[in-house]
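**Q** Build me a model:
(one chain, ligands or ions: 1)
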Amino acid sequence: MKKALSALLAAVMVLGLAALAPITAHAATLTANDAASLATALAAAGDNTIRLTADITYNNRIEISTAKIITFDLNGKTLTLRHIIRLFGGAKIQLLNPANGEFNVYYYSDGDVIEVFGGSSLEVTNVEGGDWAMNAVGGEITVYGDVTSMNEGACASGGGKITINGTITTIAPASDYIKVGSTAKTAAQFLTPSTKTGYLTYSFTDSYGTNTVWVKCAAHTFGDWTVDTPATATATGTKHRNCTACNFREDGTIPATGGGGDDPGDCFVLWGKTTTYLKSNFWNWILLIFLFGWIWMAF
Ligand SMILES: [Zn+2]
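**A** Sure thing, here's the model as predicted:
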């Protein structure tokens, strides 16, 4: 009985603590206007929003190993990280509005500029430098801008995933464009069909999982049009075609096959064709009546 009571008490305490947890580590909006205030904001507990009130260059590594979410409100400013960034243990960094400001990571070293491990994720604007500019080791990286890499480009390993909305540029010395698992891919070696609409898919599955890098399709290569709704004499039809590389769908219309009643040429063409069209077109009937009237008067 005593044992059961203590178990019940323990359960109540655990539930009580769980209820308190969101209060003790509640989300706050912290401001940063220089490297020192940014360091303090990054180290603060809880899922915080860090709002920039000035451009900041940060020369220290960012390494977060706890399961917290940091949201950068860039506020039109630029945060430039001139060191590496490592996220693991469920840490996440996201951008409140990727179009309003930049979070750039520029660092040249022999290792990864960015490393994001399983359960963690990162959103950045531009990335430059590195051996592997980025390595999503089971985690997820989203790049809203461009990637420039010295050696091995964008690397997804351990089942990691990377989405790049800009371009990948490789610079000397020799560089891979993309690496998925242990396999290097050139720009032309994307898979079809794409697994993310609008993006070229570079993927390789190994014992760790499916490693994928998606790069936004810069110029669509459309296949043939497919007719969805054929045009009739009076109604426009619809058609679509897809990019053979990224599955992007473009919709189009097909003009109605019949001409307007004010074109007598149509009447003569239709005369030998179908009477159902004539029935449906008032002005063609009027024209025909005038035509027969004219012929009758003439002869
Ligand atoms: Zn495309």
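**Q** State the pLDDT value of the closest residue to residue 254 other than its chain neighbours.
**A** Nearest non-adjacent residue to residue 254, counting by CB to CB, 6 or more residues apart in numbering: residue 237, 3.6 Å away. (Glycine included, C-beta is placed from N, CA and C.) For residue 237, the pLDDT comes out at 97.
**Q** how many other residues sit next to residue 237?
**A** Residue 237 has 16 neighbouring residues, counting by other CB atoms under 10 Å.
**Q** so what's it up against?
**A** Residues in contact with residue 237 (CB atoms under 8 Å, 6 or more residues apart in numbering) are 227, 228, 229, 230, 231, 253, 254, 256.
**Q** Buried among these? Need that as a selection in PyMOL.
**A** Buried members of these, defined by 16 or more other CB atoms under 10 Å, are picked up in PyMOL with:
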select buried, resi 231+254
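**Q** what would the contacts of residue 237 look like in a markdown table with distance to the ion?
**A** Below are the contacts of residue 237 laid out as a markdown table (distance: CB to the ion, whole Å):
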| residue | distance to the ion |
| --- | --- |
| 227 | 21 |
| 228 | 20 |
| 229 | 24 |
| 230 | 26 |
| 231 | 27 |
| 253 | 21 |
| 254 | 23 |
| 256 | 30 |
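**Q** and the residue nearest to residue 130 when sequence neighbours are not counted, what is it in contact with?
**A** Leaving aside its sequence neighbours, residue 130 sits nearest to residue 113 (CB to CB, 6+ apart; 3.6 Å). When contacts are counted by CB under 8 Å, 6+ apart, residue 113 touches 84, 85, 105, 107, 127, 128, 129, 130, 132, 133, 134.
**Q** Alpha carbons of the helix or strand that contains the third one, in PDB - could you do that?
**A** Just to be clear, that refers to residue 105. Using DSSP states H and E, residue 105 maps to strand 102-107. Taking Å, rounded to 0.1, in the frame of the first residue of the first chain, the C-alpha atoms of strand 102-107 are listed here in PDB:
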ATOM      1  CA  GLU A 102      20.900  37.400 -44.000                       C
ATOM      2  CA  PHE A 103      22.600  34.800 -41.800                       C
ATOM      3  CA  ASN A 104      25.800  34.000 -43.600                       C
ATOM      4  CA  VAL A 105      28.500  31.500 -42.700                       C
ATOM      5  CA  TYR A 106      31.900  32.300 -44.200                       C
ATOM      6  CA  TYR A 107      34.800  30.300 -43.000                       C
END
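**Q** name the helices or strands packed onto it?
**A** When contacts are defined as 3 or more CB pairs under 8 Å, 6 or more residues apart in numbering; DSSP states H and E, strand 102-107 packs onto strand 78-81, strand 121-124, strand 127-129.
**Q** buried set for the second one?
**A** Read that as strand 121-124. Judged by neighbour count (16+ other CB under 10 Å), strand 121-124 contains these buried residues: 121, 122, 123, 124.
**Q** didn't the third one look like it was pressed against residue 98?
**A** Yes: using CB atoms under 8 Å, residue 123 is in contact with residue 98, at 6.8 Å.
**Q** who touches both of those two?
**A** Both residue 123 and residue 98 are in contact with residue 144, where contact means CB under 8 Å, 6+ apart.
**Q** what's the closest residue to residue 146 other than its chain neighbours in contact with, if anything?
**A** Nearest residue to residue 146, sequence neighbours excluded (CB to CB, 6+ apart): residue 166, at 3.7 Å. Taking CB under 8 Å, 6+ apart, we find residue 166 in contact with 126, 143, 144, 145, 146, 147, 216.
**Q** In CSV, list those residues along with pLDDT.
**A** Listed next are those as CSV, based on pLDDT from 0 to 100:
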residue, pLDDT
126, 97
143, 98
144, 98
145, 97
146, 96
147, 94
216, 98
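**Q** out of these, who's near the ion?
**A** For the ion, no contacts are drawn from the contacts of residue 166 by CB under 5 Å from the ion.
**Q** after the strand holding residue 105, next one along is what?
**A** Once strand 102-107 ends, the next helix or strand along the chain (criterion: DSSP H and E) is strand 114-117.
**Q** who touches that next one?
**A** With contacts defined as CB under 8 Å, 6+ apart, strand 114-117 is touched by 84-89, 105, 122, 124, 127, 130, 133-141, 158, 160.
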